[in-house]
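Visitor: structure of the sequence below:
(2 chains)
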There are 2 protein chains.
Amino acid sequence: MEGASPSARAGRVSRRGLLGTLGGGAVGAVLGGVAVGLSRGSEAGAEAVSSAAPANAVVEFMGEHQAGIVTPAQDRMHVAAFDVTTSSLDELIGLMKDFSSAIGYMTRGLPIGGSAGAGGDDLLAPPEDTGEAVGLTAGHLTVTVGFGRSLFVDADGKDRFGLKAKLPEGLIELPHFPGDQLEEARSGGDLVVQACADDPQVAVHAIRNLSRIAFGRASVRWSQIGFGRTASTSKAQATPRNLFGFKDGTANVKAEDTSVVDEHVWISGLEGESAWANGGSFMVARRIRMTIETWDRQNLGEQQLVVGRTKASGAPLSGGEEFTEPDFAKKGANGPLIDTNSHVALSHPTRHGGAQMLRRGYNYTDGTDGLGRLDAGLFFIAFVVDPRTHYVPIQNLISKQDLMQEYVRHTGSGLFVIPPGVNEAGGYLGKRLLEG
Amino acid sequence: MEGASPSARAGRVSRRGLLGTLGGGAVGAVLGGVAVGLSRGSEAGAEAVSSAAPANAVVEFMGEHQAGIVTPAQDRMHVAAFDVTTSSLDELIGLMKDFSSAIGYMTRGLPIGGSAGAGGDDLLAPPEDTGEAVGLTAGHLTVTVGFGRSLFVDADGKDRFGLKAKLPEGLIELPHFPGDQLEEARSGGDLVVQACADDPQVAVHAIRNLSRIAFGRASVRWSQIGFGRTASTSKAQATPRNLFGFKDGTANVKAEDTSVVDEHVWISGLEGESAWANGGSFMVARRIRMTIETWDRQNLGEQQLVVGRTKASGAPLSGGEEFTEPDFAKKGANGPLIDTNSHVALSHPTRHGGAQMLRRGYNYTDGTDGLGRLDAGLFFIAFVVDPRTHYVPIQNLISKQDLMQEYVRHTGSGLFVIPPGVNEAGGYLGKRLLEG
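Guide: Numbers count the residues shown, from 1 in each chain, chains lettered A, B, ... in the order given. Sure thing, here's the model as predicted:
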């Protein structure tokens, strides 16, 4: 009545409408063939068959690699790290199965368990899904799960779950970098879950439900919301801007360059006990607070000097346009046009044996600190084949010399190995590690 | 090159493209006729005339009332409260002029000052605009400004700026409500700025730049990001869901009901020293943390009992569909179908002399508390004609009796008077108060 549409926003297909698409595929496989729809609410039943999913709002969960890495970067993010509280490997396996099942539903825009999501019809049971995403599309949701070093060995070197021998060598303790001001409560974690979507409510719904599902087995250690992507991972995407107001990620690894991705992102060729990680990647997460009040008072020339690019177009200061290769040798009246300590000069692959990262970070703003300054910056995420070659040396150089260091402060840090995707019936995230 | 479009996302008109629309209207008026475009960057100059603004991404700033109240609720929000640090009325007036000018630009999708926004071309000056919204549309940005009681009188009752006699009677100190757990650092403020937009980066850009502009005159006291609207303010909008998973705001005041808006939202009929506030409103802001972990463990029947509506459709438990009026007298086997202490029963206008609020709140998630629980809930915003009749009695009843109180905790609070809009050349927000 009165022009309101009960549950779907204008022009969108509701989650309930998506029910008709279920049956095989990821969720069916994850559930091992359990029929879905038994607990559908009455409304869902009526609508289930009448409409189909808009293909472009669903990112496939199943695959050789996990989604959310080379997937075109969605606009919003919610990341959470968990401490595993159980000491039982069976319970950890159960958690990964439950996560995988829930992710299978949510990434299809379905309420967990396949019910109407806003409750199903069992008045005597807590709803399987918390319901706040009912009526929204799948929003290109991807949920990417990884494991921290502390899942394999505790602080005393103890083998927590019999997984120590399977620890990939690349899953190091990150060193202290000059200028690091890491907060314990924003760092580390046994598990990480990165949820990205077009709609923040869809991403928050995913993290909230996974933390609920984890109850008694794992608890949230830290979480972070990001509101604007700061990297493109596809050539079809324009380069976004970070909170310095500059384009960020112009030289990022793009999904279309599959040979670059194969070389710099996906783990391969591991043998023996850590071979389970082939097809996976490493995720570096760094919460980088920007002192934007200081930055905003710098003149444009100083800002551009620090970055090494123009603010308007993103072109290197050596000339051309955004995607022109920087010419670090090109000199002006006062020396190199691109300062040797600028961000672009120090982070360029030519300085690091050709190493490239697939960056997938987000702008964040977390209210205000006690001094009336916005707590804002970049939640840096990078996926790399090996952090020993593709992150540590680069961050070491940057943190020592980069002019930009004056305007940033690393306050959180995490390193995780991302297992390969689920690509078999009955599979679940981490199966090759946990059962292999 | 390589498929990337330099500054505009696919299908959007860039901020630089919008420059051609400038000249008269809000910004010209606010600036008192100063020609705009003097500091345009070179790129902007080239593109300025070639494209026009998509009308549907711009919400007009000028008007009898401020935008952002009856404007169809945008999906994202950033609100900040400021402490005014200057004691000079002239500086306060200057601040309101600067705010108004900047808002005029930003709500048109333009960089502040009309430059290219990503820097302009003056290398020796800090850019007038921080730049992170360049390439984005106006995103239906609205920026709504209000004044707290503490701007008129300080804690000792002292008249800070000679405005004490103009304090509207409705701008009370909110009483302590049962169960309030207010945090000083999340409450109060001399000024409030509510920025709402389709794109969170646009809303954050607005707050960030206004806090920069305020430097030396006012500083941010608290700020809050909201990611999902929890109310519709237009009949064209579907009812969204809050983090309890229920539809929220079904019975909200809608802009189309102009007589309801006139009666319950806009201040009118004030005489004498506070007549300046006519055409304005009062904004109640409450940060309501939800104990979602507890809620999620309740069965569906309990959840519905608390709300008084079904979770799936939002229909009252007395029957019908979402927009059916609740029938509080209707009885089932165990008494009234809608519990007399349910949220819908206690907040219904029939319990409060017909008083209605225009709600415009947002879901929020602010990371995690020290106990591994998501710090999440509702940032409640309501616009009302008088908080003495339209908020205090309702919240008093709810906080004493509502079954929902078990699952919520008010942690922040603010009450502000919203001055009328700017509807004259040379006008600015608050002019009638500050110069009247």
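Visitor: mind listing what's buried along stretch A:386-399?
Guide: Residues of stretch A:386-399 classed as buried by neighbour count (16 or more other C-beta atoms under 10 Å in any protein chain shown): A:386-387, A:389-392, A:394-395, A:397-399. For every residue, glycine as well, the C-beta is placed using N, CA and C.
Visitor: then stretch A:422-436?
Guide: For stretch A:422-436, the neighbour count (16+ other C-beta under 10 Å) marks A:422, A:427-434 as buried.
Visitor: and of the buried residues of stretch A:386-399, the nearest to chain B?
Guide: Distance to chain B across the buried residues of stretch A:386-399 (C-beta to the nearest C-beta) is lowest for residue A:398, with 21.3 Å.
Visitor: nearest residue to the closest one other than its sequence neighbours?
Guide: Nearest residue to residue A:398, sequence neighbours excluded (C-beta to C-beta, 6 or more residues apart in numbering or on different chains): residue A:346, at 5.3 Å.
Visitor: tell me the SS of that neighbour?
Guide: helix (DSSP: H, G, I helix; E, B strand; the rest coil).
Visitor: and the residue in the stretch 151-300 of chain A that chain B sits nearest to, how far is that from residue A:298?
Guide: Nearest to chain B in the stretch 151-300 of chain A, going by C-beta to the nearest C-beta, is residue A:245, at a distance of 2.5 Å. According to C-beta to C-beta, to the nearest Å, residue A:245 stands 11 Å off from residue A:298.
Visitor: who has more neighbours, the two?
Guide: Neighbour totals were compared for residue A:245 and residue A:298, and residue A:245 leads with 28 against 18 (other C-beta atoms under 10 Å in any protein chain shown).
Visitor: wait, the more buried one sits on residue B:126?
Guide: No - under the criterion of C-beta atoms under 8 Å, residue A:245 makes no contact with residue B:126, lying 10.8 Å away.
Visitor: average pLDDT across stretch A:228-239?
Guide: For stretch A:228-239, mean pLDDT is 94.
Visitor: may I ask which helix or strand encompasses residue A:260?
Guide: According to DSSP states H and E, residue A:260 maps onto helix A:258-264.
Visitor: just the buried positions in that helix, please.
Guide: Neighbour-count burial for helix A:258-264 flags A:261, A:264 (criterion: 16+ other C-beta under 10 Å).
Visitor: what about whichever helix or strand comes after that helix, near chain B?
Guide: Later in the chain than helix A:258-264, the nearest helix or strand by DSSP H and E is strand A:281-290. No - for strand A:281-290, no contact with chain B is found by C-beta under 8 Å from any C-beta of the partner chain; the gap never falls below 10.3 Å.
Visitor: partner strands of strand A:281-290 and their direction?
Guide: Strand pairing for strand A:281-290, determined by DSSP bridges: strand A:374-384 (antiparallel), strand A:408-418 (antiparallel).
Visitor: I'd like to know which of the buried residues of stretch A:422-436 are part of helices.
Guide: Assigned to helices by DSSP state H, the following of those qualify: A:431-434.
Visitor: for the lengthiest helix in chain A, name the packing helices and strands.
Guide: As assigned by DSSP H, the longest helix anywhere in chain A is helix A:89-107. Packing contacts for helix A:89-107, counted by 3 or more C-beta pairs under 8 Å, 6 or more residues apart in numbering or on different chains; DSSP states H and E, involve helix A:25-30, strand A:142-148, helix A:200-213, helix A:431-435.
Visitor: apply 6 Å and report the result again.
Guide: Helix A:89-107 is packed against helix A:25-30, helix A:200-213, with contacts defined by 3 or more C-beta pairs under 6 Å, 6 or more residues apart in numbering or on different chains; DSSP states H and E.
Visitor: do me a favour and average the pLDDT over the first one.
Guide: So the one you mean is helix A:25-30. Averaged across helix A:25-30, the pLDDT comes to 37.
Visitor: what about the strands in the stretch 51-200 of chain A?
Guide: For the stretch 51-200 of chain A, the strands defined by DSSP state E, counting those that start in this stretch occupy A:76-84, A:142-148, A:191-197.
Visitor: adjacent strands (with direction) for the first one?
Guide: Each strand that strand A:76-84 pairs with, and the sense of that pairing, follows from DSSP bridges: strand A:191-197 (antiparallel), strand A:218-226 (antiparallel).
Visitor: among these, show me which one is buried the most.
Guide: Of all the strands paired with strand A:76-84, strand A:191-197 has the most neighbours on average by mean count of other C-beta atoms under 10 Å in any protein chain shown, namely a mean of 28.
Visitor: chain center to it: distance?
Guide: 5 Å (C-alpha atoms, centre = their mean, to the nearest Å).
Visitor: what's the angle from it to strand A:142-148?
Guide: Interaxial angle, strand A:191-197 versus strand A:142-148 (axes from the mean of the first three to the mean of the last three C-alpha atoms, to 10 degrees): 160 degrees.
Visitor: which secondary element of chain A has the worst mean pLDDT?
Guide: Every helix and strand in chain A was compared by mean pLDDT, DSSP states H and E; the lowest is helix A:42-47, with a mean of 29.
Visitor: residues in contact with residue A:213?
Guide: Residue A:213 makes contacts with A:98, A:102, as judged by C-beta atoms under 6 Å, 6 or more residues apart in numbering or on different chains.
Visitor: how about the residues of the stretch 151-300 of chain A by chain B?
Guide: Proximity of the stretch 151-300 of chain A to chain B, by C-beta under 6 Å from any C-beta of the partner chain, involves residues A:200-201, A:204, A:212, A:219-220, A:222-223, A:225, A:227-228, A:235, A:238, A:241, A:243, A:245, A:296-297, A:299-300.
Visitor: swap in 8 Å and give it another go.
Guide: Counting by C-beta under 8 Å from any C-beta, the residues of the stretch 151-300 of chain A lying close to chain B are A:185, A:199-201, A:204, A:207-208, A:211-212, A:215, A:219-225, A:227-228, A:232, A:235-246, A:292-293, A:296-300.
Visitor: measure residue A:149 to residue A:209 for me?
Guide: 26 Å.
Visitor: of those two, which one has the most company?
Guide: For residue A:149 and residue A:209, the more surrounded residue by other C-beta under 10 Å is residue A:209, and the numbers stand at 25 against 20.
Visitor: so the more buried one is in contact with residue A:110, correct?
Guide: No - if you go by C-beta under 8 Å, residue A:209 and residue A:110 don't touch, sitting 11.8 Å apart.
Visitor: now for residue A:75: which residues touch it?
Guide: Residue A:75 is in contact with A:198, A:227-229, B:199, counting by C-beta atoms under 8 Å, 6 or more residues apart in numbering or on different chains.
Visitor: go on, residue A:169?
Guide: Shown in contact with residue A:169 (C-beta under 8 Å, 6+ apart): A:274, A:388.
Visitor: can you check residue A:67 too?
Guide: Applying C-beta under 8 Å, 6+ apart to residue A:67 gives the contacts A:59-61, A:107, A:142-144, A:421.
Visitor: just the buried residues out of these, in PyMOL syntax.
Guide: The buried residues among the contacts of residue A:67 can be selected in PyMOL (16+ other C-beta under 10 Å) with this line:
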select buried, chain A and resi 59+61+107+142+143+144+421
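Visitor: closest to chain B out of the contacts of residue A:67?
Guide: Nearest member of these to chain B, counting by C-beta to the nearest C-beta, is residue A:143, at 16.0 Å.
Visitor: how far away is the closest residue to the closest one other than its chain neighbours from chain B?
Guide: Using C-beta to C-beta, 6+ apart and skipping residues adjacent in sequence, the residue nearest residue A:143 is residue A:103, 4.4 Å away. Note on residue A:103: its distance to chain B, by C-beta to the nearest C-beta, to the nearest Å, is 18 Å.
Visitor: next SSE after the strand or helix carrying residue A:301?
Guide: For residue A:301, the host element (DSSP H and E) is helix A:300-307. Using DSSP H and E, the helix or strand that directly follows helix A:300-307 along the chain is strand A:331-332.
Visitor: ok now stretch A:166-182, how far from the chain's centre?
Guide: A distance of 18 Å separates the centroid of the chain from that of stretch A:166-182, by C-alpha atoms, centre = their mean.
Visitor: list the contacts of the residue of the stretch 151-300 of chain A closest to chain B.
Guide: Residue A:245 sits next to A:303, A:311, B:118-119, B:127, B:129-132, B:134 when contact means C-beta under 8 Å, 6+ apart.
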